[in-house]
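> how does the following fold in three dimensions:
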Amino acid sequence: QAMRDYLLKHKSNVKLYLSFHSYSQLFLKPIGFDRTPPKDHAIHDAAGKAVVDAIKKSHGKVYRNIRSVELYPTSGSSADWIYLEGVVNSYTIELRDTGRYGFRLPTSQIIPTGEENIRGFIALVGTL
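Numbers count the residues shown, from 1 in each chain. Model prediction:
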């Protein structure tokens, strides 16, 4: 509730909203409950491409750039909520891995995961 209140109060100043999850190596774009592409889908596609390209260049990991509804229909995600409140650049990133380790990522992959996602973030900010 505190986060909701803060975002609503300051949403005119919010240029980017990111929600990080694990796992699956995905860049998820709005919307999770409607198969019709949102009006900003070209912006989302360009942002996703920049992120997954930068991540791949970092450590060779492949993240998929998809709309969240393509994974499975969802409702109530924070990224969709803030997108519908007017924050165009609102995304979810599913970190490593693709299922071998699931939620128990080996410690040897933690720093590389951070490095590739920092590079992805820098690329994302470059699209704003």
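> in the chain, mark out all the helices, start to finish.
Under the criterion DSSP state H, helices of the chain are mapped to 2-10, 41-59, 68-71, 78-84, 110-125.
> between these, which one is closest to residue 27.
Evaluated with CB to CB, these place helix 41-59 nearest to residue 27, the distance being 4.6 Å. C-betas here are computed from N, CA, C, even on glycine.
> for the most centrally placed residue in the chain, what are its contacts?
The centre of the chain sits closest to residue 92, judged by CA atoms, centre = their mean, with a distance of 2.7 Å. Residues in contact with residue 92 (CB atoms under 8 Å, 6 or more residues apart in numbering) are 18, 19, 20, 21, 26, 27, 28, 68, 77, 79.
> ends of stretch 30-47, how far apart?
This stretch, stretch 30-47, spans 12 Å end to end (CA to CA, to the nearest Å).
> which parts of it are buried?
Within stretch 30-47, the residues that count as buried by 16 or more other CB atoms under 10 Å are 30, 31, 32, 38, 44, 47.
> now stretch 88-104
88, 89, 90, 91, 92, 93, 94, 95, 96, 97.
> repeat that for stretch 117-128.
Going by 16+ other CB under 10 Å, stretch 117-128 has these buried residues: 117, 119, 120, 121, 123, 124.
> okay if I get those residues as JSON lines plus pLDDT and distance to residue 3?
Formatted as JSON lines, the buried residues of stretch 117-128 follow (pLDDT from 0 to 100; distance: CB to CB, whole Å):
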{"residue": "117", "pLDDT": "97", "distance to residue 3": "21"}
{"residue": "119", "pLDDT": "98", "distance to residue 3": "26"}
{"residue": "120", "pLDDT": "97", "distance to residue 3": "23"}
{"residue": "121", "pLDDT": "97", "distance to residue 3": "20"}
{"residue": "123", "pLDDT": "98", "distance to residue 3": "26"}
{"residue": "124", "pLDDT": "98", "distance to residue 3": "21"}
